[in-house]
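Enquirer: Sequence and computational prediction follow.
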Amino acid sequence: MNTYAVIESGGKQYKVEKGTSLLVDRLSAKEGDKVALRPVMFRDKEVVAGAKELEKVKVEATVTEHLRGEKIKVFKYKPKKGYRRRAGHRSELTKLEVTEVKLLTRKPAAAKEEKPAEAKPEKAAAEKKPAAAKKPAEKKAAAKKEPAKKPAAKKAPAKKAAAKKPAAKAKAKAKKAKPAAKKDSDDGS
């Protein structure tokens, strides 16, 4: 049984073995660079598909070349309407040569953050000149103090709804004051 892996690149999945060459969507790596591909599944003597086990799987490829795909023509047409649209594109692709597909015996070490080499000379300088080192620090602390908060701007008073009520009552009184129109009734009274 061959050892192979299913990898994901550019939202698509590819089945790869050692020595396989494949075309994927354009990657930012330069020609000749090694690229680590994200495995989705690995098969050797048994199938590995769990997230924790897949961290132990190593799939590496070398960028062979960058190229453009075949021209694709897009033509939209609606009969008897005079609607015709032509468009097209060529995909930007990267050709990869798979160099390594294997299951590591242990989990790869997490990337350690390198401490800058400049930190050590600063400490040495602070020990040599304690008075000079403290003065700039005090100035920085004073500069970092936040300015006093300004009081919030006063808002304009909202119009009261009570002012509208007397006007509404006046209109109601005016309607009542008008004499009612005589109604013609059919009962003969």
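Expert: Structure received.

Enquirer: Where do the strands of this structure begin and end?
Expert: In the chain, the segments counted as strands under DSSP state E are 4-9, 12-16, 21-25, 34-36, 38-43, 47-48, 57-68, 72-78, 83-89, 92-103.

Enquirer: Which of those strands has the lowest mean pLDDT?
Expert: Ranked by mean pLDDT, these end with strand 47-48 at the bottom, a mean of 88.

Enquirer: strand partners of that strand, parallel vs antiparallel please.
Expert: Note on strand 47-48: by DSSP bridges, its sheet partners are strand 38-43 (antiparallel).

Enquirer: circling back to that earlier point, out of the strands of the chain, which is the most enclosed?
Expert: Of all these, strand 4-9 has the most neighbours on average by mean count of other C-beta atoms under 10 Å, namely a mean of 20. C-beta coordinates here come from the backbone N, C-alpha and C atoms, glycine included.

Enquirer: partners of that one, with directions?
Expert: Strand pairing (DSSP bridges) places strand 4-9 next to strand 12-16 (antiparallel), strand 38-43 (antiparallel).

Enquirer: neighbouring contacts of that strand?
Expert: Contacts with strand 4-9, where a contact means C-beta atoms under 8 Å, 6 or more residues apart in numbering, come from 13-17, 24-25, 27, 37-43, 57, 59, 101.

Enquirer: Residue 152 is nearest to which of the strands of the chain?
Expert: strand 38-43 (51.8 Å; C-beta to C-beta).

Enquirer: any idea of the angle the closest one forms with strand 57-68?
Expert: Strand 38-43 runs at 120 degrees relative to strand 57-68, counting by axes from the mean of the first three to the mean of the last three C-alpha atoms, to 10 degrees.

Enquirer: Show residues contacting strand 38-43.
Expert: Contacts with strand 38-43, where a contact means C-beta under 8 Å, 6+ apart, come from 1, 3-9, 13, 47-49, 53-54, 57, 59, 101, 103.

Enquirer: Alpha carbons only: can I get it in PDB?
Expert: Output of strand 38-43 as PDB, limited to C-alpha atoms (Å, rounded to 0.1, in the frame of the first residue of the first chain):
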ATOM      1  CA  ARG A  38      -1.700  21.500   5.400                       C
ATOM      2  CA  PRO A  39      -2.700  17.800   5.500                       C
ATOM      3  CA  VAL A  40      -6.400  16.900   5.800                       C
ATOM      4  CA  MET A  41      -5.800  13.100   5.800                       C
ATOM      5  CA  PHE A  42      -2.900  10.800   5.900                       C
ATOM      6  CA  ARG A  43      -2.800   7.100   4.900                       C
END
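
Enquirer: what inclination does it have with respect to strand 92-103?
Expert: Going by the same axes, to 10 degrees, strand 38-43 makes 50 degrees with strand 92-103.

Enquirer: Export stretch 56-74 to CSV, keeping only CA atoms.
Expert: Taking C-alpha atoms only, stretch 56-74 is exported to CSV below (Å, rounded to 0.1, in the frame of the first residue of the first chain):
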residue,chain,number,x,y,z
LYS,A,56,2.4,15.0,13.4
VAL,A,57,2.0,14.7,9.6
LYS,A,58,4.6,16.5,7.5
VAL,A,59,3.9,17.3,3.8
GLU,A,60,6.5,19.4,2.1
ALA,A,61,6.8,20.6,-1.5
THR,A,62,9.1,22.7,-3.6
VAL,A,63,7.9,25.5,-5.8
THR,A,64,8.9,24.5,-9.3
GLU,A,65,7.5,27.4,-11.3
HIS,A,66,4.7,30.1,-11.5
LEU,A,67,2.6,30.0,-14.6
ARG,A,68,-0.8,31.0,-15.9
GLY,A,69,-3.6,28.6,-16.8
GLU,A,70,-5.5,28.1,-20.0
LYS,A,71,-7.6,31.0,-21.2
ILE,A,72,-11.2,30.6,-20.2
LYS,A,73,-13.8,32.4,-22.3
VAL,A,74,-17.1,33.5,-20.8
